[in-house]
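S.K.: Using only what follows, build the 3D model:
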Amino acid sequence: MRKVLLPTIIFIGALLLVLRLFYLQVINDTFKLKSDYNAIKINYDYPERGYIYDRNGVLLVANQPSYDIMVIPKYIKELDTTEFCSLLNITKEDFLKTIAKAKVYSPRLPSVFLPQLNKKEYAAFQEKQRKFEGFYIQKRALRDYQVAYGANVFGGITQVNEKIIAGNKYYNSGDLIGKQGVEESYEEVLRGVKGVKYIQKDKFNREIGSYKDGKYDTIAKQGKDINLSIDAELQKYGEELMVNKRGGIVAIDPKTGEILALVTAPSYDPAILVGRQRSRNYTMLFHDSIAKPLYDRGLMAEYTPGSPFKILTGLVALQEGAIDESTTFFCHHGFSYAPGRFMKCHCHGGAMQFHKGIYESCNTFFSSSYMKTIDKFNNPPKGVDVWSNHLKSFGLGKFMGYDLPIGRKGSIPTSKTYKKMYPGWDWSSKTIVSNAIGQGEVLMTPIQLANMIAAVANRGYYYTPHIIKKIEGQKIDKKFTTKHFTTINKKYFEPMISGLFDVYNLGTAHGLNVEGIDICGKTGTAENYAKINGKRVKLQDHSIFVAFAPKDNPKIAIAVFVENGYWGARWAGPITSLMIEKYVKKKITRKDLEKRMLEGSLQGEYNKYLVNKPETDTLINVKATTNVKVASPLKLEIKKDTTKKL
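M.R.: Model (predicted):
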């Protein structure tokens with residue numbers, strides 16, 4: 001047996017080797033293609049990116065032709081660089097720098113020499129192209145925005161960098177890729193598939209036809225169209241209402257988790273980041289450290305949520321049995337929770353029960369409820385962790401998993417938080433009572449606020465917020481159709497909703513109601529501090545509002561945050577009412593609110609803290625309806641950037 005085994009192994013090994021050589025040399029001529037590489041020119045056929053529509057089929061983003069000048073350094077012959085540079089309106093230094101970069105990438109592969117020529121520039125170069133060997137025109141498709149809003153939603157397309165090329169074999173130098181917004185999130189869906197054509201050359205470097213009669217050529221496949229969940233009219237209206245203000249608006253359909261509007265202010269016309277001026281315009285936007293038009297406040301800004309957080313304080317207290325609907329606390333226009341410690345309150349005072357505490361936004365009621373929740377366990381660390389876990393069931397304190405590439409997780413403190421803050425100190429509920437009213441160590445993004453009020457509207461569950469509604473020929477991710485249940489019993493949402501309904505009828509939003517729509521909402525005012533030139537400065541409070549409507553069978557849940565907007569009912573409340581009416585009724589009857597919000601400005605408030613005088617700031621007209629200031633940056637103390645991909 002042993003005598004047969006060794007010869008058998010040798011025979012089988014030799015047979016496999018022969019078969020492999022036969023396959024490589026006779027059947028598969030891939031390696032021959034590589035050996036002929038020097039005599040082959042590779043042309044790419046770039047597909048159109050998929051179109052982007054809103055939820056109702058309104059076209060938002062299409063394509064337009066563009067022309068890139070490509071270069072293959074090895075094939076460059078002597079040329080009149082003066083004429084070449086003059087024709088393209090570039091300097092000789094730019095010419096030499098770009099050629100050197102192309103050689104580093106590859107002497108034999110094409111690189112983009114000059115991108116995004118317009119039709120006039122293309123025609124001028126094409127007329128003299130024969131004089132410039134090694135250069136040729138590559139036709140591409142650039143984005144053609146049908147609307148002047150939604151820049152933060154769409155994102156954009158830009159050239160790939162060396163890191164992307166090294167990490168993804170699909171991309172070559174000069175290729176375009178989606179960056180930010182849905183262009184990045186759905187890049188593989190939108191980009192399509194490049195076509196490739198191999199052209200045979202003779203020894204004189206002349207093209208003589210397709211290599212192997214086109215055997216290896218492939219056809220470009222256009223990207224798939226997508227429908228966003230965004231309502232185009234609502235998005236546009238939200239951006240108009242936020243002109244000359246800073247902040248964010250997030251509106252969600254609570255029944256599905258679909259994002260109806262995602263507004264950040266200030267914003268800009270997405271069309272300014274298309275074409276030869278893209279780099280210049282992007283640089284100006286990027287360096288505006290005052291208004292930060294590239295900063296998506298709806299997803300990135302972490303704020304203290306203020307009084308809307310009382311919704312959660314109340315629900316957790318009910319769930320834990322710390323209070324019930326008849327529990328009464330007396331408010332003396334504030335809450336004295338420790339010797340020398342007094343929390344002011346702007347309610348009418350007197351005996352406060354759950355319902356009245358909500359619509360009058362009583363600090364005393366919710367601070368007392370919070371302390372009773374923590375103290376129930378006779379162990380503050382355990383009480384805080386129970387409270388924290390309830391909040392996390394609403395999607396707080398973590399990345400929510402939505403389909404946009406940026407975001408922050410906010411902050412929901414736990415016992416570990418306070419062990420670090422107060423080492424060796426026996427802290428209690430009184431120490432951290434400011435959490436009760438949405439101050440303290442609690443931080444939330446506007447999209448988390450919107451998702452929280454959507455869960456309330458649904459009486460205890462939510463869907464992961466998402467901006468995709470439909471993808472041509474395929475289903476959306478099933479995680480967007482999966483319910484997430486909170487830890488709060490459904491029965492406790494009814495008394496909360498009753499109180500939120502009377503916020504409009506009897507409470508802090510009285511006067512902001514819309515006839516024919518039952519709105520449930522909550523005002524909020526959040527204290528606002530910053531370090532300016534090394535000093536802690538009290539800035540104007542932020543204005544916050546959360547709401548959903550109608551009360552029964554809700555169609556929209558919304559959070560509005562206006563920086564330096566005084567109190568909730570002054571700016572955020574009216575904007576919320578208008579957005580709800582716009583979506584539910586498709587028209588506006590509250591013309592008084594609309595006029596005040598469209599014409600109102602907080603620019604004077606923002607200018608108070610500029611280092612430079614406003615009149616010395618440079619202005620760039622980035623949108624027909626607003627200006628973005630570009631000024632010397634304030635010396636602000638900013639927390640470490642905790643931005644992460646979702």
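S.K.: Would you work out how far apart the start and end of stretch 78-96 are?
M.R.: End-to-end span of stretch 78-96 (Cα to Cα, to the nearest Å): 13 Å.
S.K.: Just the buried positions in that stretch, please.
M.R.: Phe84, Cys85, Leu87, Leu88, Phe95 (16 or more other Cβ atoms under 10 Å). C-betas here are computed from N, CA, C, even on glycine.
S.K.: helices or strands next to the helix or strand hosting Val112 in the packing?
M.R.: Using DSSP states H and E, Val112 sits within strand 111-117. Here strand 111-117 touches strand 59-71, helix 92-105, strand 135-145, going by 3 or more Cβ pairs under 8 Å, 6 or more residues apart in numbering; DSSP states H and E.
S.K.: In this protein, where is pLDDT below threshold?
M.R.: The model of the chain has pLDDT under 70 over residues 1-6, 21-39, 203-206, 337-340, 609-646.
S.K.: Check whether Gly238 sits in a helix, strand or coil.
M.R.: Assigned with DSSP: H, G, I helix; E, B strand; the rest coil, Gly238 falls in the helix class.
S.K.: so who does the nearest residue to it once chain neighbours are set aside touch?
M.R.: Excluding its sequence neighbours, the residue lying closest to Gly238 (Cβ to Cβ, 6 or more residues apart in numbering) is Val263, at 4.0 Å. By Cβ atoms under 8 Å, 6 or more residues apart in numbering, the contact set of Val263 is Asn152, Gln235, Gly238, Glu239, Met242, Gly248, Ile249, Val250, Gly298.
S.K.: now Pro380
M.R.: So Pro380 contacts Ile374, Ser415, Tyr418, Trp427, Ser428, Ser429 (Cβ under 8 Å, 6+ apart).
S.K.: Neighbour-wise, give me the winner out of those.
M.R.: Ile374 (27 neighbours; other Cβ atoms under 10 Å).
S.K.: Is it in a helix, a strand, or coil?
M.R.: Taking three-state DSSP, the label given to Ile374 is helix.
S.K.: With Trp567 instead?
M.R.: coil.
S.K.: For it, give its distance to Ala549.
M.R.: As judged by Cβ to Cβ, to the nearest Å, Trp567 and Ala549 stand 21 Å apart.
S.K.: In TSV, list the helices and strands packed on strand 111-117 along with distance to Cys345.
M.R.: Output for those, formatted as TSV (distance: least, Cβ to Cβ, whole Å):
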stretch	distance to Cys345
strand 59-71	46
helix 92-105	64
strand 135-145	48
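S.K.: Please name whichever of those is nearest to Phe365.
M.R.: strand 59-71 (45.5 Å; Cβ to Cβ).
S.K.: Could you tell me how far the strand holding Val112 lies from the centre of the chain?
M.R.: 29 Å (Cα atoms, centre = their mean, to the nearest Å).
S.K.: What strands flank it, and is each parallel or antiparallel?
M.R.: strand 59-71 (antiparallel) (DSSP bridges).
S.K.: export the partner strand as CSV, just CAs?
M.R.: C-alpha atoms of strand 59-71 as CSV (Å, rounded to 0.1, in the frame of the first residue of the first chain):
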residue,chain,number,x,y,z
LEU,A,59,-37.6,65.0,-8.8
LEU,A,60,-34.9,66.5,-6.5
VAL,A,61,-31.6,65.5,-8.0
ALA,A,62,-30.9,64.6,-11.7
ASN,A,63,-27.7,64.7,-13.8
GLN,A,64,-26.0,67.0,-16.2
PRO,A,65,-23.1,66.4,-18.6
SER,A,66,-19.6,67.3,-17.6
TYR,A,67,-16.2,66.9,-19.3
ASP,A,68,-12.9,66.0,-17.6
ILE,A,69,-9.5,66.4,-19.3
MET,A,70,-7.6,63.1,-18.6
VAL,A,71,-3.9,62.6,-18.9
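S.K.: Okay, buried residues for it please.
M.R.: For strand 59-71, by 16+ other Cβ under 10 Å, it's Leu60, Val61, Asn63, Ser66, Tyr67, Asp68, Ile69, Met70, Val71.
S.K.: residues near the closest residue in space to the fourth one that isn't next to it in sequence, how many?
M.R.: Of all residues not flanking Ser66 in the chain, Leu142 sits nearest, at 4.2 Å (Cβ to Cβ, 6+ apart). Here the count is done by other Cβ under 10 Å, and Leu142 has 19 residues near it.
S.K.: how far away is Leu142 from Arg191?
M.R.: 13 Å.
S.K.: One more: Asn227?
M.R.: For Asn227, the distance to Arg191 - Cβ to Cβ - is 17 Å.
S.K.: Look at those two and report which has more neighbours.
M.R.: Counted by other Cβ under 10 Å, Asn227 and Arg191 do not tie: Arg191 has more neighbours, with 25 against 20.
S.K.: looking at it, the more buried one is touching Lys224, isn't it?
M.R.: No. Between Arg191 and Lys224 there is no contact, the gap being 9.4 Å when judged by Cβ atoms under 8 Å.
S.K.: Tell me the residues that contact both of the two, please.
M.R.: Counting by Cβ under 8 Å, 6+ apart, the residues touching both Arg191 and Lys224 are Gly50.
S.K.: isn't Gly57 right next to Asn227, touching?
M.R.: Yes. With contact defined as Cβ under 8 Å, Gly57 reaches Asn227; the gap is 7.1 Å.
S.K.: hmm, back to that, which members of the contacts of Val263 are positioned in strands?
M.R.: Gly248, Ile249, Val250 (DSSP state E).
S.K.: Near the second one, how many other residues are there?
M.R.: Per other Cβ under 10 Å, the neighbour tally for Ile249 reads 31.
S.K.: swap in the last one?
M.R.: Here the number of neighbours of Val250 (other Cβ under 10 Å) works out to 30.
S.K.: same deal with the one 5 residues further on?
M.R.: Number of residues near Lys255 (other Cβ under 10 Å) recorded here: 15.
S.K.: Okay, strands next: where are they in the stretch 301-450 of the chain?
M.R.: 329-331, 334-338, 341-344, 350-352 (DSSP state E, counting those that start in this stretch).
S.K.: and among those strands, the most buried is which?
M.R.: strand 329-331 (a mean of 18; mean count of other Cβ atoms under 10 Å).
S.K.: mind listing the strands for the stretch 501-646 of the chain?
M.R.: So, for the stretch 501-646 of the chain - with DSSP E, counting those that start in this stretch - the strands run 520-532, 535-549, 556-562, 618-623, 626-630.
S.K.: Ok, the stretch 151-300 of the chain next?
M.R.: 156-159, 176-179, 195-201, 207-210, 226-228, 247-253, 258-265.
S.K.: For Glu127, find the nearest of those strands.
M.R.: strand 207-210 (20.2 Å).
S.K.: So what touches the closest one?
M.R.: In contact with strand 207-210 (Cβ under 8 Å, 6+ apart) are residues Lys41, Lys197, Tyr198, Ile199, Gln200, Lys201, Asp202, Asp217.
S.K.: Beta-bridge partners for the second one, please?
M.R.: What that stands for is Lys197. Going by DSSP bridges, Lys197 forms beta bridges with Asn43.
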